[in-house]
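S.K.: structural data only, the sequence is not supplied:
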């Protein structure tokens, strides 16, 4: 009877509750709080801005830095969700009044308890709270005087309002993506400073205008769930550097910003350096730690960025050709380091470093299969939740957000023992620590935005508000330089026809405009393999639970579904984004193992690497057990491993069936090499003009010849009559 109860709960939770909530909350009740990210045209370049500054990099940089992680004072309290989601020009006065001085440095918080940031104020099994206030005082060194200071948050779930020394900096909505503020005017160098954050996390299932909106199958961790820190730079600095990789080179865009200051000429130096990963630097977040001792640049260039005026922003572009370069793949994760030097008035004033890899993920134009670097690939994968599992507590997952690289390494060791090559990173943007390690060790990543169980009504509300668009933009911008991210997921197990397809098309086009180096997809219901809403996307993804949530059994059901999906999308790779089964008790472990074996073996003949294959990946749900908000379940035991770290029979079966070969980057100790040169902008311009002149010449020559021939024929005198 357990499968029947599970299926009934599945249907009730994902369909009935969704319909009930959709009926109870009208679209007219949607919040009016506006997204804070926008894209502007600057000198012909598209530049993303948020909170008055260009969106910065959130990777570790060798700059003056104040790490604000550690113990914070906090106080949980009920929040007025309508107030939190109201337009700030109308709601801020009330928010401040309700704060009761909590945002001010003089407020007495000595009786408040403390907790670690990053972390959560509502870890399981406690009931998720609606909100909390956070406060932390810290010293700012005197040498930060006359510096430009940026306050950065890795993530705050779900709506964060931020004050520094009582000065309001702004707000951010969205639980898994980063945001930043210019804190220069609010900061006091050489003194104690106070940061206060109001975090409201509206309970899922109570309203339709947040993302995600309804019941989910994972825990809703509220609070400051990722790191918080400050960076100091000179007035002129490099906000970010984006690398578009090719198999024979890279295109680079550097965004520069000046806060205040007089107009002055700015130059940018670019160096591409080799990189190596080994056990000693594997978890070091500083990109410089990957540069081998004594390494010299593979290619260099110095660019003139022109005059950068007061509070000005500009972007410079460069292209490099790299011959005999090492390409990134899960089996051989070669990396490079980009060094950016900013020169103002002929002095180097700032540096920025990014790691990147050269790779190309594409759909074969001649067949519905994935190509990585031109070669067909078919990945065996597993899903991960962004949640601590080890060490277990009373046989249960430890719980709480993942906050250290060591937490991730424990999970990846299990993934490696299972021989997986691809990781589906939960139902929301991946933890940056996972991406850093996936780049270095060698794992392909599918990450997504949390459009989870959306309906026609909630698609309309969310897209009208612009929240999914902001989440996708922030994910794209944050993860631009991570070669491990091969796929961007845009929705999971959602309903609706034209409404869903239109939303997916909008998000796909947005993804292309910002990034364009990843493939897009969704996780559609596998019991609807003829669902055509993946038409705007690059791949057709499905969650496939034959023999578990729907019939027929795993083998024949999966085979039939794949054939129907392939007939529906004959030119798209098919991705099985979920297949799995729980094992709540020991006696259920054999059935879990059978579902894994039968489903995978049904898909195996259709893998991309087989003749006429069209399946690009199969992903088991999940690597580990995890805490859930699903009523009556508490912990989902879908894991290939128990919380104590022991493999279940399904885990052993997966290790036998999956081919492995990924995750060995630290042991391979690859030192990337290449022969490189910069393509000079002038040369590129002349080359373009040459191509244009050639095209115009060809285009005009043919009609000109025809016209001349016609004119000649028209002017030719008539022949004299023949004399007989």
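M.R.: In hand now; what should we look at? All values reported here derive from a predicted model rather than from experimental measurement. Numbering: from 1, shown residues only.
S.K.: list the contacts of the spatially most central residue of the chain.
M.R.: Per C-alpha atoms, centre = their mean, the C-alpha nearest to the average position across the chain is that of residue 475, at 3.8 Å. With contact set as C-beta atoms under 8 Å, 6 or more residues apart in numbering, residue 475 has these partners: 176, 177, 429, 447, 449, 488. For glycine as for every other residue, the C-beta is placed from the backbone atoms N, C-alpha and C.
S.K.: so after whatever helix or strand residue 507 lives in, what's the next helix or strand?
M.R.: Per DSSP states H and E: residue 507 is located in helix 498-514. Tracing the chain C-terminally past helix 498-514 and defining elements by DSSP H and E, one meets strand 519-525 next.
S.K.: most surrounded residue in the contacts of residue 475?
M.R.: Neighbours here are counted as other C-beta atoms under 10 Å. On that basis the top member of those is residue 449, with 31 neighbours.
S.K.: where's it relative to residue 522, distance?
M.R.: When distances are taken as C-beta to C-beta, to the nearest Å, residue 449 and residue 522 turn out to be 10 Å apart.
S.K.: what's the overlap in contacts for the two?
M.R.: Where contact means C-beta under 8 Å, 6+ apart, the residues bridging residue 449 and residue 522 through contact with each are 489, 490, 491.
S.K.: what angle separates the host helix or strand of the second one from strand 519-525?
M.R.: Using DSSP H and E, the element containing residue 490 is strand 485-492. Per axes from the mean of the first three to the mean of the last three C-alpha atoms, to 10 degrees, the angle that strand 485-492 makes with strand 519-525 is 40 degrees.
S.K.: now do strand 485-492, average pLDDT.
M.R.: Here strand 485-492 scores 98 as its mean pLDDT.
S.K.: which residues in the stretch 451-600 of the chain form helices?
M.R.: Using DSSP state H, counting those that start in this stretch, the helices of the stretch 451-600 of the chain run over 456-465, 467-478, 498-514, 554-568, 589-603.
S.K.: nearest to residue 172, of the ones you listed?
M.R.: Among these, the nearest to residue 172 by C-beta to C-beta is helix 467-478 (9.2 Å).
S.K.: what ranges do the helices span in this protein?
M.R.: With DSSP state H as the definition, the chain shows helices at residue ranges 2-11, 17-24, 81-84, 88-99, 405-417, 432-441, 456-465, 467-478, 498-514, 554-568, 589-603, 649-657, 665-668, 681-715.
S.K.: isn't residue 630 up against residue 214?
M.R.: No - checked against C-beta atoms under 8 Å, the pair residue 630 and residue 214 is beyond contact range at 11.6 Å.
S.K.: who has more neighbours out of these two?
M.R.: More neighbours surround residue 214 than the other of residue 630 and residue 214, with 22 against 17 (other C-beta under 10 Å).
S.K.: what's the spacing between that one and residue 450?
M.R.: Counting by C-beta to C-beta, the gap between residue 214 and residue 450 amounts to 11 Å.
S.K.: circling back: dump the helices of the stretch 451-600 of the chain to a markdown table, plus mean pLDDT and distance to residue 316.
M.R.: Below are the helices of the stretch 451-600 of the chain laid out as a markdown table (pLDDT from 0 to 100; distance: least, C-beta to C-beta, whole Å):
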| stretch | mean pLDDT | distance to residue 316 |
| --- | --- | --- |
| helix 456-465 | 96 | 34 |
| helix 467-478 | 98 | 17 |
| helix 498-514 | 97 | 18 |
| helix 554-568 | 97 | 45 |
| helix 589-603 | 98 | 47 |
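S.K.: list the contacts for residue 336?
M.R.: For residue 336, the residues meeting the contact criterion (C-beta under 8 Å, 6+ apart) are 272, 273, 274, 275, 298, 355, 356, 357, 358, 672, 674.
S.K.: at 7 Å what do you get?
M.R.: If you count contacts by C-beta atoms under 7 Å, 6 or more residues apart in numbering, residue 336 has them with 272, 273, 274, 275, 356, 357, 672.
S.K.: beta partners of the first one?
M.R.: Beta-bridge partners of residue 272, counted by DSSP bridges, are residue 299, residue 338.
S.K.: picking that back up, now flag whichever of the contacts of residue 336 is closest to residue 678.
M.R.: Using C-beta to C-beta, the contacts of residue 336 come closest to residue 678 at residue 272, 9.1 Å.
S.K.: that closest one is in contact with residue 677, isn't it?
M.R.: No - counting by C-beta atoms under 7 Å, residue 272 stays clear of residue 677, with 10.2 Å between them.
S.K.: what's the burial count for the spatially closest residue to residue 642 that is not a sequence neighbour?
M.R.: The shortest distance from residue 642 to any non-neighbouring residue, by C-beta to C-beta, 6 or more residues apart in numbering, is to residue 648 (6.4 Å). Applying other C-beta under 10 Å, we find 23 residues neighbouring residue 648.
S.K.: and residue 648, what are its phi and psi?
M.R.: Recorded main-chain torsions at residue 648 are phi -80, psi 170, according to degrees, to the nearest 10.
S.K.: that one reaches residue 588, doesn't it?
M.R.: No - here residue 648 does not reach residue 588: they are 9.7 Å apart, not a contact under C-beta under 7 Å.
S.K.: wait, residue 208 sits on residue 460?
M.R.: No - proximity of residue 208 to residue 460 does not meet the contact threshold set by C-beta under 7 Å, at 9.5 Å.
S.K.: so between these two, which is more surrounded?
M.R.: When residue 208 and residue 460 are compared on other C-beta under 10 Å, the one with more neighbours turns out to be residue 208, at 25 against 18.
S.K.: pLDDT value on that one, please?
M.R.: Taken from the predicted model, the pLDDT recorded for residue 208 is 94.
S.K.: list the buried residues of stretch 112-129.
M.R.: The neighbour-count criterion (16 or more other C-beta atoms under 10 Å) identifies 112, 115, 117, 118, 119, 120, 121, 122, 123, 124, 128, 129 as the buried residues of stretch 112-129.
S.K.: among those, which are located in strands?
M.R.: Helix and strand membership here follows DSSP state E; of those, those in strands are 115, 117.
S.K.: show me the two of the buried residues of stretch 112-129 that sit farthest apart.
M.R.: So for those, where distance means C-beta to C-beta, the most widely separated pair is 112 and 124, at 22.3 Å.
S.K.: just give me how far stretch 390-401 sits from the chain centre.
M.R.: When C-alpha coordinates are averaged (C-alpha atoms, centre = their mean, to the nearest Å), stretch 390-401 and its chain have centres 26 Å apart.
S.K.: again, but for stretch 234-250
M.R.: A distance of 18 Å separates the C-alpha centroid of stretch 234-250 from that of its chain, computed with C-alpha atoms, centre = their mean.
S.K.: what mean pLDDT would you report for it?
M.R.: Model confidence over stretch 234-250, given as mean pLDDT, is 97.
S.K.: flag every buried residue along it.
M.R.: Within stretch 234-250, the residues that count as buried by 16+ other C-beta under 10 Å are 234-246, 249-250.
S.K.: just the closest of these to residue 181, please.
M.R.: residue 239 (13.3 Å).
S.K.: quick one: the closest one from residue 515, how far?
M.R.: As defined by C-beta to C-beta, residue 239 lies at a distance of 17 Å from residue 515.
S.K.: same check on residue 599?
M.R.: Between residue 599 and residue 515 the distance, using C-beta to C-beta, works out to 32 Å.
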